[in-house]
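Student: Sequence isn't available, so here's the structure alone:
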């Protein structure tokens, strides 16, 4: 089974447990916190995925590190990943789980690339436009990319809306080239 399939399977299991036990919000918060920590501090995941370290030692570290800080459901889930030798998928599982919760809540992740910083008003206007079109809440991430020259590129899920100057110049070039043939 590929890493993505394994990660999705465990993420869905955690999501299902959260819904069944009515602890989805707590699990979401714990997953976001742990994922942010793992991205900042890679040594913990390196330790947990090291094949030369015994599972019992990994379990002890998980219990000592998280036992008092997370819910029993989340702790059980982490221990399950250790016992099933799937802890190396932890960051992918958490990422997919967070996406499932956002989807469940009707939140759509939207990325916007711009050549220049956006004002708060511009951010709000873009978020409101996307939210209005999709009839969903929008979580907007803005990335500055000076290579764009001007305009914006919006990514909503798998769909890309390119309103950049580069895109319009390419279209104009292609139209002129087509006419000259």
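Tutor: Alright, I've got the coordinates. Worth saying up front: this structure is predicted, and the values here are computed from it rather than measured.
Student: For this protein, which segments count as helices?
Tutor: Taking DSSP state H, the helices of the chain run over residues 3-20, 24-40, 42-49, 55-66, 72-83, 90-105, 120-134, 165-180.
Student: so where's this protein shaky on pLDDT?
Tutor: Applying pLDDT under 70 to the chain flags the ranges 1, 181.
Student: mind giving me the domain split of it?
Tutor: Following the assignment in automatic domain parsing, the chain carries domains at 3-103, 107-180.
Student: Backbone dihedrals for residue 71, please?
Tutor: phi -70, psi 160 (degrees, to the nearest 10).
Student: doesn't residue 26 make contact with it?
Tutor: Yes: when contacts are counted by C-beta atoms under 8 Å, residue 71 is listed as touching residue 26 (5.3 Å). For every residue, glycine as well, the C-beta is placed using N, CA and C.
Student: Which one of the helices of the chain lies nearest to residue 156?
Tutor: Across the helices of the chain, residue 156 has its closest neighbour in helix 120-134 (6.3 Å, C-beta to C-beta).
Student: And the contacts of that closest one?
Tutor: 108, 110, 112, 118, 137, 138, 140, 142, 152, 154, 156 (C-beta atoms under 8 Å, 6 or more residues apart in numbering).
Student: If we ignore the residues flanking it in sequence, what's nearest the residue nearest to the spatial centre of the chain?
Tutor: In the chain, the centroid-proximal residue (C-alpha atoms, centre = their mean) is residue 95; its distance is 4.7 Å. In space, residue 95 comes closest to residue 35 once its chain neighbours are excluded; the distance is 6.4 Å by C-beta to C-beta, 6 or more residues apart in numbering.
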